[in-house]
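Novice: Predicted model, plus sequence, below.
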Amino acid sequence: LYGLYVDVLQSVSQWSTVIWVGVPEILGSMIDMVNSFDARCKKLPKKLREWAAYEELRTKISDFQILLPLLEALSKNSIKTRHWEDVNSHLPSPLPFNEDNFCLQQIMESAILTVKEEVEEICDSADKQLAIERKMAEAKGDWAICQFEFLMWKNRDVPVLKAFGVVIEKLEEEQLSIQSLLSARHVAPFREELQKFLSVLSDTADTLEMWVKVQMIWTSLESVFLGGDIAKQMPLEAKKFSKINKDWEKLMVRAAETKLVIQCCGNELLRTTLPALYSELEKCQKSLEGYLEQKRGKFPRFYFVSNPVLLVILSQGSDPMQMQPYYEKVFDSIDRVVHNKADKQQIMDIQSSIGNAKETINFTKPVKAVGNIEDWLGEIELEMQRSLKRLCETTAIECTTLALRQMVTKSCGQFALLGIQFMWTSQATDSLNKAKTNKSIMVETNRMNLAILQDLSSWCLEDLGTVMMRVKVETLVTIQVHQRDVFSEITKL
């Protein structure tokens, strides 16, 4: 008992002189030593436990075992000045924690064990505050180096934002994360700083949103107003856009030099210029939409075409050859037109194609592709109608004068179909008119319809040369089956 008592007193005396900054280094050995004292104390004979010296020793060791976890908690990196001040607010005599000679003895002699729960709560709060501080520092560090990606717009030396969706998504996630931190119980020391940072992120997100809107309108209008036929027809808007374009180029060049997201979006010039650019670009866009509506009013088939495609068509209207890829978008069955080899402005034929097979309709009169594109496209539409009307008249005659195969081969699909319908209608009408005087004419006409169907069906077993010809014949078979069935039902009446 005496030996243990002396060891405990000597150890406590040695530890009490240790300066507080050195406590973390010896804390491990202190814990081991106290645990050793406790084990030795428990092994002492039972008779000794009745002695006052034993009770004093037991109390001293127990108090130290309670004190050690507090020392361990108070020596963590998470404990700051504010936490020591909070501890002092619960003690009758404050600890001189900010003095250089602050040592362990001062803690041991204080009433810290009487406020054990309060100190533990303060230390727990410090750990959580450190986690918040680290998250805040990590977020600030990430955004301090986060950069935009840029690419050059088409063939021009103007940088534009690339992959901005990733930055927008990251900003949204970061704002949610900061809001979550602000709602934490232990955020008080960092609330103001976090709110400022959240405000910066929010302003950055708003600026970026406006920036993206301006870029999207600029990229859609740039090719329209800086060249092509539309700019010539809208000189006032083209002049206005030219000024906007210069301001935009300056902003983007400066942004591409900076690259940093927060710094770019925090630039006062950018933040004040973007709304003005957006307002002016919207005016240009509305003027353009009015222009497109005017063009659609003159040539209603433009309503079938989206604005971006229509802008391409109108901007290339002075060159008829550039219209070739877009005929199928404004005409249901016209894939391309055939120009006069000597005079490219003259359109001679219209074509529809399936694979390599082509079906050509010759215009009765060539169309001159000059002037506004909507005007000569309207002329193509009128000439198409006139030419098809002529072919319709021709087919009405040839379906009764030519052999079936000759008529089908010569005619385009639309009029081959019309031809066999003319034939069926003529035969059915004639049979019905003569049915009262000729009892067998209905049966004979029914046989004639069946013969036509068999004739058409036999062609399907042959090599018809092209996919288009096969589609034509198979369609005729389908229609003739229907016509035969209808007439067969009439015959039964």
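Specialist: Everything's here; your move.
Novice: shaky segments in the protein?
Specialist: The chain contains residues with pLDDT under 70 at 1-5, 8, 37, 40, 42-57.
Novice: Break down it into its strands, ranges please.
Specialist: 149-152, 159-162, 336-339, 346-354, 357-368 (DSSP state E).
Novice: so what strands line up beside the second one?
Specialist: Partner strands for strand 159-162, per DSSP bridges, with pairing direction: strand 149-152 (antiparallel).
Novice: The stretch 51-200 of the chain: helices as residue ranges?
Specialist: 52-74, 81-88, 104-108, 116-145, 164-182, 191-225 (DSSP state H, counting those that start in this stretch).
Novice: Dump those into JSON lines; add mean neighbour count and distance to residue 39 as well.
Specialist: For every residue, glycine as well, the C-beta is placed using N, CA and C. Written out in JSON lines, the entries for the helices of the stretch 51-200 of the chain read as follows (neighbours: other CB atoms under 10 Å; distance: least, CB to CB, whole Å):
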{"stretch": "helix 52-74", "mean neighbour count": "16", "distance to residue 39": "10"}
{"stretch": "helix 81-88", "mean neighbour count": "16", "distance to residue 39": "31"}
{"stretch": "helix 104-108", "mean neighbour count": "18", "distance to residue 39": "22"}
{"stretch": "helix 116-145", "mean neighbour count": "15", "distance to residue 39": "23"}
{"stretch": "helix 164-182", "mean neighbour count": "15", "distance to residue 39": "45"}
{"stretch": "helix 191-225", "mean neighbour count": "17", "distance to residue 39": "48"}
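Novice: before we move on, back to that, wait, which of the strands of the chain is closest to residue 318?
Specialist: strand 357-368 (13.7 Å; CB to CB).
Novice: picking up where we left off before, for residue 80, which of the strands of the chain is the nearest?
Specialist: Closest of the strands of the chain to residue 80 is strand 149-152, at 39.5 Å (criterion: CB to CB).
Novice: which residues are in contact with the closest one?
Specialist: 158, 159, 160, 161, 162, 163, 252, 255, 256, 259 (CB atoms under 8 Å, 6 or more residues apart in numbering).
Novice: Next, format the helices of the stretch 51-200 of the chain as TSV and append distance to residue 459.
Specialist: Shown next, in TSV, are those (distance: least, CB to CB, whole Å):
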stretch	distance to residue 459
helix 52-74	97
helix 81-88	96
helix 104-108	108
helix 116-145	73
helix 164-182	57
helix 191-225	50
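Novice: Now residue 428: closest residue in space that isn't a chain neighbour?
Specialist: Leaving aside its sequence neighbours, residue 428 sits nearest to residue 487 (CB to CB, 6 or more residues apart in numbering; 5.9 Å).
Novice: got it, and residue 316?
Specialist: Using CB to CB, 6+ apart, the closest residue to residue 316 is residue 322 (3.8 Å).
Novice: still on that earlier bit, give the contact list for the residue nearest to residue 428.
Specialist: Contacts of residue 487 (CB under 8 Å, 6+ apart): 424, 428, 445, 446, 449.
Novice: what about the fourth one, how many neighbours?
Specialist: Read that as residue 446. By the criterion of other CB atoms under 10 Å, residue 446 has 19 neighbours.
Novice: can I assume it is in contact with residue 486?
Specialist: No - using CB atoms under 8 Å, residue 446 is not in contact with residue 486, being 10.5 Å away.
Novice: thinking again about what came up before, out of the helices of the stretch 51-200 of the chain, nearest to residue 388?
Specialist: Here helix 191-225 is closest among those (CB to CB), at 34.9 Å.
Novice: Output the contacting helices and strands for that closest one.
Specialist: If contacts are counted by 3 or more CB pairs under 8 Å, 6 or more residues apart in numbering; DSSP states H and E, helix 191-225 sits against helix 116-145, strand 159-162, helix 164-182, helix 229-233, helix 235-258, helix 261-265, helix 268-298, helix 307-315.
Novice: Check which helices and strands the fourth one is in contact with.
Specialist: Using 3+ CB pairs under 8 Å, 6+ apart, the elements in contact with helix 229-233 are helix 191-225, helix 268-298, helix 307-315.
Novice: Contacts for that helix, please.
Specialist: Against helix 229-233 from outside (CB under 8 Å, 6+ apart): 224, 225, 238, 288, 291, 311, 314, 315, 316, 317, 318, 373.
Novice: Would you check how far apart the nearest residue to the second one once chain neighbours are set aside and residue 309 are?
Specialist: Computed as CB to CB, 6+ apart, the closest residue to residue 225 that is not its neighbour in sequence is residue 241, at 3.9 Å. Between residue 241 and residue 309 the distance, using CB to CB, to the nearest Å, works out to 21 Å.
Novice: Mind checking which of those two has more residues around it?
Specialist: Looking at residue 241 and residue 309 with other CB under 10 Å, you find the greater number of neighbours at residue 241, namely 26 against 15.
Novice: quick one: the more buried one and residue 285 touch, right?
Specialist: No - the criterion here is CB under 8 Å, and residue 241 misses it with residue 285 at 10.0 Å.
Novice: joint contacts of the two?
Specialist: The contact lists of residue 241 and residue 285 share residue 221, where a contact means CB under 8 Å, 6+ apart.
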